[in-house]
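J.: Fold the following for me, if possible:
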Amino acid sequence: MQLLNIALPKGRLELFYCGSAPEKRVAGAFARAFAALPRQGALEPVQTIRRPARETCRVVTEELDVGQGKLCIGCRTDCTDMAAAMLMNAMFGGATTSKLFVNVRERLSLCYYADSAYHRLKGLVTVSSGIEFQNYGRAVEEILRQLEALRRGDWEDWEIEGARQSLVNSLRTMEDSAGSMEDFVMGQAAAGSDETIPGLIAALAEVTPERVRAAAEKLAALAVLVLALNAVCLACGAASILAVGETAAWGDLLRYHAALLGMQLEIGGVCFGLSALLRRSSFGLAMGLAAVMYFLGLVINLDQGMAWLRFVTPYYYADAARIYAGEALAGPLAAGCLLGAAGAAWGLWRYGRKDIAA
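T.: Below is the predicted model:
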């Protein structure tokens, strides 16, 4: 009774209603019903303190006379993006398409079960697993390996889409149960959030723009690097000509460097598009593509019947001899620009549908 006398005048009241009556009518009914309460101003609830991660991992072992062990791992996160953190946890161990379920449980059979949970109020991600005692070391190693793979962005499209769909379906089924909706809203109130179920579903769908921005930054970095390198090369070449007191056909020299820039951007755009199909970077692919293009340029010089290749390889329109001879190169140059732009556009579209490692 003493606690009740403290709670009634100062406790925070959270009222939930699920039904077809208008909101104002329900609010008025509750206001009249509780009007007689001796309210003296509500106290704000105690805020959860988020603590930083330890510098070293702490291991706690409890031994019992049982046949199956319980492995628990806790990780701290300072992520404040709820939708992104939910999706990350679903990919890690919160769904049947997750890395823990597919790899640790199914593929390697290191545990009876393995899942993870995201505790947003405390900023924690916990892993729970049932294991044989002799599999303890391997299970810990593999769970942490899967977490590292997730951190690097080493996953397939179906993993993130499966996790997203699992979360969306779970949220939608909440609307079929008044109790589930009440639990959700109570959790939102405790977290100080007014986000609704439809709003959270929309937020999950909007996690992808970060990938598009990351792809655009990657492409922009490529273009800036190429432009900077060409500017340095042109400046050094011009300075060398002036230093030795020679005269140069500056118009042809600028056209030559412009053609080199176009060639590099074309190959860069094509490589960018191809990289979107790969899970990891491949330096060999880029070098191989450049070598093939150079070889096609040699083929044109050796066989006039292969002249159509001038619209494929950028080494044709970037050939200094052709430029200084005044040969018409507008057609091959335009074809190269279209090819490079197509590769870059494909890469941006493709990267918008897969995640990029940070």
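J.: ok, the closest residue to residue 263 other than its chain neighbours to residue 187 distance?
T.: Leaving aside its chain neighbours, residue 263 sits nearest to residue 314 (3.7 Å; criterion: CB to CB, 6 or more residues apart in numbering). For every residue, glycine as well, the C-beta is placed using N, CA and C. Using CB to CB, to the nearest Å, residue 314 is found at 57 Å from residue 187.
J.: More neighbours: which of those two?
T.: Taking neighbours as other CB atoms under 10 Å, residue 314 and residue 187 compare with residue 314 leading, 29 against 12.
J.: The more buried one contacts residue 294, doesn't it?
T.: No. Taking contacts as CB atoms under 8 Å, residue 314 lies outside contact range of residue 294: 9.4 Å.
J.: Quick check: next helix or strand after the helix or strand of the chain with the lowest mean pLDDT?
T.: None of the helices or strands of the chain scores lower by mean pLDDT, DSSP states H and E than helix 209-243, at a mean of 69. Sequence-wise, the next helix or strand downstream of helix 209-243 (DSSP states H and E) is helix 250-275.
J.: From the chain's centroid, how far away is that next one?
T.: Remark: helix 250-275 is offset 30 Å from the chain centroid, using CA atoms, centre = their mean, to the nearest Å.
J.: And it, what's buried?
T.: Neighbour counts over helix 250-275 (16 or more other CB atoms under 10 Å) mark 253, 255-257, 259-275 as buried.
J.: before we move on, what about stretch 176-188?
T.: Of all the residues in stretch 176-188, those buried under the rule 16+ other CB under 10 Å are 181, 184-185, 188.
J.: Repeat that for stretch 115-131.
T.: Neighbour-count burial for stretch 115-131, counted by 16+ other CB under 10 Å, picks out 115-116, 118, 120, 123, 125-129, 131.
J.: got a list of contacts for it?
T.: Here stretch 115-131 makes contact (CB atoms under 8 Å, 6 or more residues apart in numbering) with 48, 50, 68-79, 82, 85-86, 88-89, 92-94, 98, 100-101, 104, 110-114, 139, 143, 190-191.
J.: how far does it stretch from start to finish?
T.: Start-to-end span of stretch 115-131 (CA to CA, to the nearest Å) is 12 Å.
J.: which residue ranges form the helices in the stretch 251-358 of the chain?
T.: Remark: helices assigned in the stretch 251-358 of the chain by DSSP state H, counting those that start in this stretch are 283-302, 314-317, 320-324, 330-351.
J.: hang on, the earlier thing: can I get the buried residues of stretch 176-188 in JSON lines including distance to residue 164 and pLDDT?
T.: Listed next are these as JSON lines, based on distance: CB to CB, whole Å; pLDDT from 0 to 100:
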{"residue": "181", "distance to residue 164": "21", "pLDDT": "86"}
{"residue": "184", "distance to residue 164": "18", "pLDDT": "86"}
{"residue": "185", "distance to residue 164": "23", "pLDDT": "84"}
{"residue": "188", "distance to residue 164": "20", "pLDDT": "80"}
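J.: how about the residues you listed in TSV, adding distance to residue 348 and secondary structure?
T.: Shown next, in TSV, are the buried residues of stretch 176-188 (distance: CB to CB, whole Å; DSSP: H, G, I helix; E, B strand; the rest coil):
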residue	distance to residue 348	secondary structure
181	39	helix
184	36	helix
185	39	helix
188	36	helix
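J.: Appreciated, that's everything.
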